[in-house]
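Asks: sequence first, predicted model second:
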Amino acid sequence: MNKIHPLGKSPVIEIITSSGERKVIAESGHICSYMMRHYDKENKLGGDNEDVDYFLHYTEGSFQWLHVGLLINDFAGQTVPWGISHFLHGLLGIINSHYYIPEVYKNLQFLENRLEKQHKENSEYFVGNKLTAADIILSYPVANFYIDPEVSRRIFGRKFDAREKYPNLYRWYQFIQKNPNLIKANQSITNLGVKL
């Protein structure tokens with residue numbers, strides 16, 4: 001990965017422009033913005049919508065990194081030697097309960113409220129009344145709360161159930177996973193050989 005991008009991170013795509021120039025583009029939000037600007041000529045994914053642009057930045061800047069921090073702490077707490085595991089669990093528990101978990105709850109409630117508002121306007125989507133890049137970029141971090149409920153319960157507590165606590169978000173998650181346009185977009189990306 002370092003041969004492609006100096007930070008060795010993914011997702012990364014390489015574009016070959018019409019002039020033959022090779023461009024390496026990193027960061028999910030930036031990739032979405034670039035693809036919409038250069039390839040979404042019919043504006044199907046809402047690239048000119050300010051709310052879509054907001055969610056492209058919000059997802060990585062405010063939301064996703066919190067959950068990643070919790071997952072890293074969870075992994076660290078399970079892989080340390082037995083002698084220091086009790087100390088590390090206590091330390092990570094303090095960090096999680098005083099910072100990460102309240103911030104995640106705040107963000108999940110923000111998304112829940114947004115979808116409740118959208119449902120009152122007869123929409124199943126985060127922006128407008130169609131699939132946009134906002135739904136696409138949010139689909140991954142939101143899925144983390146539903147794919148493996150056991151991990152979420154280990155991090156947030158045995159009684160944590162994102163399906164019950166955030167019903168609008170869960171409804172959106174179920175809906176978006178079956179959305180034919182999202183499935184088609186994911187298949188198109190796979191067929192192009194793009195690995196996100």
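Replies: That came in fine, so what should we check first? Numbers count the residues shown, from 1 in each chain.
Asks: ok, now which ones touch Arg154?
Replies: Asp74 (CB atoms under 8 Å, 6 or more residues apart in numbering). Glycine gets a C-beta too; all of them are placed from N, C-alpha and C.
Asks: now swap in the one 5 residues further on and tell me
Replies: For Lys159, the contact set (CB under 8 Å, 6+ apart) comprises Arg153.
Asks: ditto for the one 10 residues further on
Replies: Going by CB under 8 Å, 6+ apart, Leu169 touches Leu108, Leu111, Glu112, Leu115, Val142, Phe145, Ala162.
Asks: Asp40: which of the residues you listed is nearest?
Replies: Closest approach to Asp40 among these (CB to CB): Val142, at 22.4 Å.
Asks: that closest one belongs to a helix, doesn't it?
Replies: Yes - under DSSP: H, G, I helix; E, B strand; the rest coil, Val142 falls within a helix.
Asks: for it, which non-adjacent residue is closest in space?
Replies: Tyr173 (5.5 Å; CB to CB, 6 or more residues apart in numbering).
Asks: before we move on, what about Trp172?
Replies: With CB to CB, 6+ apart, the residue lying closest to Trp172 is Leu115, at 5.3 Å.
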